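J.: Build me a model:
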Amino acid sequence: MKIVQATLSLTLAISGLLGIQILIDDKWLWAAAPSHAYGLIGFVSIDMILVVAALMRVGLATVSAALMAVAQFAAMLADVVVGQPEGVPSTAFRNYLLGDTEYLGLLFIQIAILS
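T.: Numbers count the residues shown, from 1 in each chain. Next comes the predicted model:
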């Protein structure tokens, strides 16, 4: 069980750190879609709380982490499909997201949290 908790804590920390990196680096996110940036702040905050909870062996940490990973994956996937900011063509926004290494890393780490 310690291996599971350590692995979960590590993947949650990576998710949170990738989210922070996106918030710092992605100026266009703040300019074009600040509501998406605020949503990411929420996910990063929850990730960091869950890191501490998993390290402290809080019983619901694993289930909560899985639920949050599903929610974040769904939100990020929805951004790709229908989440373009007003005035931005959907294909341009989709290409922007799918060409962003940090975004893809954050998307795939959600799958890692679930596995």
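
J.: got a list of what the nearest residue to residue 61 once chain neighbours are set aside touches?
T.: Here the nearest residue to residue 61 in space, its sequence neighbours aside, is residue 53; by Cβ to Cβ, 6 or more residues apart in numbering that works out to 3.9 Å. To be clear about C-beta, it is placed using only N, CA and C from the backbone, and glycine gets the same treatment. Listed by Cβ atoms under 8 Å, 6 or more residues apart in numbering, the contact set of residue 53 reads 60, 61, 64.

J.: In helices only, show me the residues you listed.
T.: The helices in this structure, assigned by DSSP state H, contain 61, 64 from the contacts of residue 53.

J.: Looking at the contacts of residue 53, state which has the most neighbours.
T.: The most crowded member of the contacts of residue 53 is residue 61, carrying 21 neighbours; neighbours defined as other Cβ atoms under 10 Å.

J.: residue contacts, that one?
T.: Going by Cβ under 8 Å, 6+ apart, the list of residues near residue 61 reads 5, 8, 50, 53, 54.
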